[in-house]
Structure formats: structure tokens, C-alpha cells
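K.L.:
Quick one: sequence and predicted model below, then my questions.
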Amino acid sequence: MKAALWYNEKDIRVENITEPAVGEHEVKIKVSYCGICGSDLHEYLAGPIFIPVDKPHPISKDKAPIVMGHEYAGEVVEVGEAVTDIQIGDRVCVEPIYSCGKCTSCQKGHYNVCEQLGFVGLSGGYGGFAEYSVVPAKMVHKIPDHMTWEQAALVEPTAVAVHAVRQSELRIGDSVAVFGTGPIGLLVIQAAKAAGASKIIAVEVSPERREIAKQVGAHLVINPLEVDAVEAIKNDTNGIGVDVAFEVAGIEPTMQAAIQAARTEGNVVNISIWEKTANIPLNNFILTERRMTSIIAYRNIFPQVIQLIANNQIQASELVTKHISLDDIVSEGFDALTKNKNQIKILVSPSF
């Protein structure tokens, strides 16, 4: 079967590999769509970050080269002998977290902060940039019949945004600033709106992304290249600042601005995966009793996120700007996202 494998920074290759066999507790999925994630882009531009290179991941037992892709959905075509709750023909999306099930975090149900945390398509396994994927049955979630494959492929990134809003402790009526409106930032806007935010401010340099931010629910959109974003946010919040500032760009100036834009005793939520170390002015927290909340991935929310999308409370598929074939994943996918800010979410189909 065809699959896209990460070999090294700027080195992703589409190759023919052996079709995976199904283990006793696993299911085989014919992939319909798989989204290119910001994490995938980080691995392409500056990896390895999550990808194991020197030694195998402790759970997947794999190391580079690995089959990429972790935002995906498809139809079950085979099930292992011990699988009883998933059947051939089921339409499913994948929750791609590897966790040990034994550490303190896993025992609490907080498997997204497992001591051996990994992701299918980043830490090994058969990811979604392939014709077929094999994963443990516990990773798959059935989707409603009326849900489109595009919507289903976007459950995973939407779950990141919903988890971030939940962890922020946002209350109905609160004000929010979102710094960076790539796919996750745009989904955070929608999740904050669904959670009852009364004012949502987006900060973004790309004109195309600013326009989409307005369309999905931002009340005010700021170009930080033209105005002082912090000053504009303070002016729009009676000089107070926002209750919650979400940092979704992963660059130091944006983090600095997010901190300053949060009100006294407000919350700064870091969602980004960082390629470089950032300097954080701790006195801007200490002297104001601001908090910082950091999140990774999601936990225990896929069924709810599926319903939010299926009910159109979050219109995730509005972010899809292009569908491409697996053969074109580098030139029309990774390179396009690097060069063109008008690209938001690119979905890859192994069937094209």
C-alpha cells in the first residue's frame, strides 16, 4: 500500500510498504481523509520533536522512518479476534494517543499526560497518511451516519481546542483573546463561542485568516503588524484585559503579548508545541496573580466533540481549504502550508 513516511527534517517520502496485519485487539481502517496537522508541519520543518529516531518508542516499538498522520477517519474493513464492539463497515475516527495505562496519570484517567505519551503517526504505528491504518480498537470512535468524512477527520484537532477551552475554566460571559488563527486557533474561537464567551478577539497577521476568524465567531480581529495588539485589546475591554488569552502561534512575541493582554488574575493558556525555548517574564504572572495553563492533546472528550461537530455547533469542515492526493502530500500539502497562509486545513485522501 502507499504511505507517507517521515525520514528526517524536510524528508517525507511516499512509498509502497507492506499492508499491515490486524492483531487480536486491533482494527484495520480504510482511510478516507487525514488532515495535515501543525504538529506534522513542525516535524517536517524542524523535527524530530515527537518522532523517535535514536531508539524505538516504548509503546509503539517503532522509530523513524514512520508512517505519518494522526487526524483521520475511515471505514473499518477488518477486526481482530478479541474485538467485539467494533464491526466491519463501521464508520470511525481515531483518537491516536499511545499511553501506558499504568503510570499515575493514566490511573487517574489523564492518559494525555502519560509518562510514555505518544501518538499514532508521530511516535510510530500505521498513521493516516496511508491507504490503510491498523490501531488498537480502544482508539476508534464510531461516528453518526450523517457525519461527513471531512467532519470526521477534523474531530481530532477540534478535540484539542475543546480540551483547551475546558482546561481554561472559561465561564459563560467571559472575554477571550486568541493569538494565532491557524486551524487550532480558529477551532478555539468556535469552542469558546460554544462555551459562552461574550467577547472573542483574534490576533492574526494573515488577512485571509483574519477574515475566516470573523466568519467563525471573532467579534474583533486585530492585525498586530498595524496596531499594538495589547493596547487594542485593553481598549476594547475597558482597560482591563481579557479573562482568558489563548496562545496558539508558538512564537515568543505572541506569548509575551498574550500574557500582557490577560487581565489581573486572568489565565494564559498555552496550546502551541514550541520549536524553540521562549523567555517568559515571570514577574508578569507573580505581580498580577495571572495563571498559565498548558495543554497537550485531549482526554475523555471524543464522543462529545463528535456530537458538537455532527450538530454543527462547531463547523470544523469550514476550515478545509484543499483536498489533495497522497502522492502530492509534500508539494501540495507541507510546502503549501509553509508558503501560503491562505491555506488553513488540507485534507489528504489516499483514494485520490
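P.N.:
Alright, I've got the coordinates. Residues are numbered from 1 along each chain as shown.
K.L.:
Strands of the stretch 1-150 of the chain, start to end?
P.N.:
2-8, 11-16, 26-35, 66-67, 71-79, 91-94, 97-98, 118-119, 132-136, 140-142 (DSSP state E, counting those that start in this stretch).
K.L.:
ok, and what's touching the strand or helix carrying Val178?
P.N.:
Element membership of Val178 [criterion: DSSP states H and E] is strand 175-179. Applying CB atoms under 8 Å, 6 or more residues apart in numbering, the contact partners of strand 175-179 are 170, 185, 188-189, 192, 197-203, 213, 218, 229, 233, 237, 242-249, 254-255, 257-258, 261-262. All C-beta spots, glycine's among them, are computed from the backbone N, C-alpha and C.
K.L.:
Can you name the element that comes right after that strand?
P.N.:
Where DSSP H and E defines the elements, the next helix or strand beyond strand 175-179 is helix 183-194.
K.L.:
Which of the contacts of strand 175-179 fall in helices?
P.N.:
Among those, DSSP state H puts 185, 188-189, 192, 213, 229, 233, 254-255, 257-258, 261 in helices.
K.L.:
picking that back up, so can I have TSV of the strands of the stretch 1-150 of the chain showing mean pLDDT and mean neighbour count?
P.N.:
Formatted as TSV, those follow (pLDDT from 0 to 100; neighbours: other CB atoms under 10 Å):
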stretch	mean pLDDT	mean neighbour count
strand 2-8	98	21
strand 11-16	98	14
strand 26-35	98	25
strand 66-67	98	26
strand 71-79	98	23
strand 91-94	98	26
strand 97-98	98	22
strand 118-119	98	22
strand 132-136	98	23
strand 140-142	98	20
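K.L.:
on that earlier part again, give me the buried entries from the contacts of strand 175-179.
P.N.:
Buried by 16 or more other CB atoms under 10 Å: 170, 185, 188-189, 192, 197, 199-203, 213, 218, 229, 233, 237, 242-249, 254-255, 257-258, 261-262, out of these.
K.L.:
quick one: Ala164 and Ala218, what's the gap?
P.N.:
16 Å (CB to CB, to the nearest Å).
K.L.:
whoops, I mixed them up, Cys106
P.N.:
Taken as CB to CB, the span from Cys106 to Ala218 is 37 Å.
K.L.:
again with Val79
P.N.:
43 Å.
K.L.:
Kindly report the same for Asp335.
P.N.:
Asp335 is 28 Å from Ala218, by CB to CB.
K.L.:
Likewise for Thr321?
P.N.:
18 Å.
K.L.:
can you check Thr277 too?
P.N.:
Going from Thr277 to Ala218 by CB to CB gives 30 Å.
K.L.:
bridging residues for Val29?
P.N.:
Careful, residue 29 is Ile and not Val. Val76, Ser133 (DSSP bridges).
K.L.:
What residues does it make contact with?
P.N.:
With CB under 8 Å, 6+ apart, Ile29 has these contacts: 72, 74-77, 92, 94, 132-135, 140.
K.L.:
Turn these into TSV, including distance to Gln116.
P.N.:
Supplementary listing: the contacts of Ile29 in TSV, determined by distance: CB to CB, whole Å:
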residue	distance to Gln116
Tyr72	22
Gly74	26
Glu75	30
Val76	27
Val77	29
Val92	25
Val94	19
Tyr132	26
Ser133	21
Val134	20
Val135	17
Val140	21
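K.L.:
which of these lies closest to Glu26?
P.N.:
Val134 (5.3 Å; CB to CB).
K.L.:
Quick check: the closest one touching His25?
P.N.:
No - assessed by CB atoms under 8 Å, Val134 is found out of contact with His25, at 10.8 Å.
K.L.:
Same list (the strands of the stretch 1-150 of the chain) but as JSON lines, adding distance to Leu45.
P.N.:
Formatted as JSON lines, those follow (distance: least, CB to CB, whole Å):
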{"stretch": "strand 2-8", "distance to Leu45": "12"}
{"stretch": "strand 11-16", "distance to Leu45": "11"}
{"stretch": "strand 26-35", "distance to Leu45": "17"}
{"stretch": "strand 66-67", "distance to Leu45": "17"}
{"stretch": "strand 71-79", "distance to Leu45": "18"}
{"stretch": "strand 91-94", "distance to Leu45": "24"}
{"stretch": "strand 97-98", "distance to Leu45": "23"}
{"stretch": "strand 118-119", "distance to Leu45": "18"}
{"stretch": "strand 132-136", "distance to Leu45": "24"}
{"stretch": "strand 140-142", "distance to Leu45": "30"}
